[in-house]
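# quick one: sequence plus predicted model below, questions after.
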Amino acid sequence: LSDWAIMPLHYNGFTGLPTTKGAGVHSPKFSFFGHQWVVKLYPGGKNDSNDGYVSLKLSNRTEAAIEVQFKFIAKHPNGGEDICMRTGKLKKFSPKGSEVVGDVGPAHGYHNFALRSKLMDYLVDGALIVEMHMRTNKPGHQPAPFVPENPFLRN
């Protein structure tokens, strides 16, 4: 896999953002690995989030598919425990505007990233700063397919 690419995202005025479930705020577009991305923050969570939780969603804004591993980190400003949610493996992102098929779609994220009340202790000058970390397969280094040994070829 490639090295981690990191983009700090600042959600200014976090305490004043809408807390209605399903109401979200987009980050500015950013570019990693030749793709455009946006992170949508739902201060009151998505409709299927647990009450009181903030939700985060990473969206592919490019008309090409890609596989990436990603994580969101909210760092404690005073050296306390960081909040981190990560994928353990590569996730397939389909092109923007495409339909979700199984676990492949143009966006992936976490419905229950952290309790909003807990994130209030993570604000820096009123802004929630979430680091977006992402990595992908190195160009030309796709995972090798598994090919079992053929017992009939033994001498």
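Nice, thanks for sending it over.

# at the geometric centre of the chain, which residue sits there?
For the chain, the residue nearest the mean C-alpha position is residue 58 (4.3 Å; C-alpha atoms, centre = their mean).

# which secondary structure elements does the helix or strand containing that residue sit against?
In this assignment (DSSP states H and E), residue 58 forms part of strand 53-60. In terms of contacts (3 or more C-beta pairs under 8 Å, 6 or more residues apart in numbering; DSSP states H and E), strand 53-60 is packed against strand 35-42, strand 66-74, strand 107-115, helix 116-119, strand 128-136. From N, CA and C alone the C-beta is placed, and that goes for glycine too.

# contacts for the last one?
The set of residues that contact strand 128-136 without belonging to it, under C-beta atoms under 8 Å, 6 or more residues apart in numbering, is 1-11, 14, 27, 30, 32-33, 37, 39, 41, 56, 58, 66-75, 86, 90, 119, 122.

# quick one: mean pLDDT over the strand holding residue 58.
Averaged over strand 53-60, pLDDT sits at 97.

# can you give the strand pairings for it, parallel or anti for each?
Applying DSSP bridges, strand 53-60 is found paired with strand 35-42 (antiparallel), strand 107-115 (antiparallel).

# out of those, deepest packed?
strand 35-42 (a mean of 20; mean count of other C-beta atoms under 10 Å).

# got the angle for that one vs strand 66-74?
40 degrees (axes from the mean of the first three to the mean of the last three C-alpha atoms, to 10 degrees).

# what about strand 35-42, distance to the chain center?
8 Å (C-alpha atoms, centre = their mean, to the nearest Å).

# use 45 as the first number for this chain going forward.
Fine by me, first position is 45 from now on; the one you just mentioned is strand 79-86.
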